[in-house]
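[1] coords please:
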Amino acid sequence: MIKNFSIRACKNDNQDLELLTQFCHSLTEYDGYTSTATVEKFKKSFARGNKIMAYFACFDEQPIGFIMFYDTFSCYDAEHILYVTGAYIEPEHRGGGYGTELFKFLAQYGHDHEYDHIGWIVEQNNIRSQEFYERLGAKLYKGWHIVRLEHDKIKALAQKA
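    Sure, this is the predicted structure:
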């Protein structure tokens with residue numbers, strides 16, 4: 001463990017959710033996208049009882065990044081999965097081992113709760129992160145596309161039912 005480094009759970013309060021929102025905005029900006037995350041959206045998601053888990057990476061007790069994941073299931077393999085929806089370390093703290101510590105924490109969580117595997121996506125052009133994940137032992141799958149049905153398209157399709 002790195003000196004003065006800790007990991008703590010994100011609380012469902014305004015201060016932590018504001019920080020989580022800021023980190024999510026930084027992550028999407030880093031990947032070349034725009035985030036629509038808000039404190040209100042996080043509150044709504046947490047209130048639904050969704051199995052979203054979020055943790056902050058802290059240096060000297062100050063959050064410098066986060067990891068967020070949830071429980072899901074694969075029909076391909078009939079396996080219980082932890083799916084990472086976001087992981088981020090502030091630029092000035094990258095290369096110090098903090099991201100590795102976050103993923104070690106995640107692996108321990110997955111092991112302790114008997115998950116079959118952990119999955120996530122990475123931006124195609126984010127070579128630095130891809131190399132980092134491979135150093136952790138992760139396998140990158142080629143040839144897959146992310147598919148998303150946006151809110152207005154969900155509504156339009158549902159109205160056809």
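
[2] Confirm for me that Glu123 is in contact with Thr28.
    No - no contact is recorded between Glu123 and Thr28 when judged using Cβ atoms under 8 Å, the distance being 9.8 Å. From N, CA and C alone the C-beta is placed, and that goes for glycine too.

[3] So if I had to pick from these two, which one is more boxed in?
    It is Thr28, of Glu123 and Thr28, that has more neighbours when counted by other Cβ atoms under 10 Å, with 17 against 13.

[4] can you list residues touching both of Glu123 and Thr28?
    Common contacts of Glu123 and Thr28 (Cβ atoms under 8 Å, 6 or more residues apart in numbering): none found.

[5] How much space separates the nearest residue to Asp60 once chain neighbours are set aside from Asp16?
    With Cβ to Cβ, 6 or more residues apart in numbering as the criterion, Asp60 has its nearest non-adjacent residue at 5.0 Å, and that residue is Asn4. Noted for Asn4: a distance of 20 Å to Asp16, by Cβ to Cβ, to the nearest Å.

[6] Who has more neighbours out of the two?
    Asp16 (19 against 10).

[7] Chain neighbours aside, what residue packs nearest to that one?
    Nearest one to Asp16, counting by Cβ to Cβ, 6+ apart, is Cys10 at 4.8 Å.

[8] helix/strand/coil for Tyr45?
    For the record, residue 45 is Ser, not Tyr. Secondary structure state of Ser45, per DSSP: H, G, I helix; E, B strand; the rest coil, is helix.

[9] The residue nearest to Asp60 reaches Phe59, doesn't it?
    Yes - the pair Asn4 / Phe59 is scored as a contact, 5.8 Å apart, by Cβ under 8 Å.

[10] Now do the lengthiest strand in the chain: everything it contacts.
    The residue-count maximum for a strand in the chain (DSSP state E) belongs to strand 62-74. Contact with strand 62-74 is made by 10, 19-20, 23, 50-58, 79-90, 93, 98-99, 102-103, 105-106, 116-118, as judged by Cβ under 8 Å, 6+ apart.

[11] residues of it that come out buried?
    Using 16 or more other Cβ atoms under 10 Å as the test for burial, strand 62-74 gives 63-69.

[12] what's the most distant pair in those?
    The largest separation in the buried residues of strand 62-74, counting by Cβ to Cβ, is between Ile64 and Phe69 at 18.2 Å.
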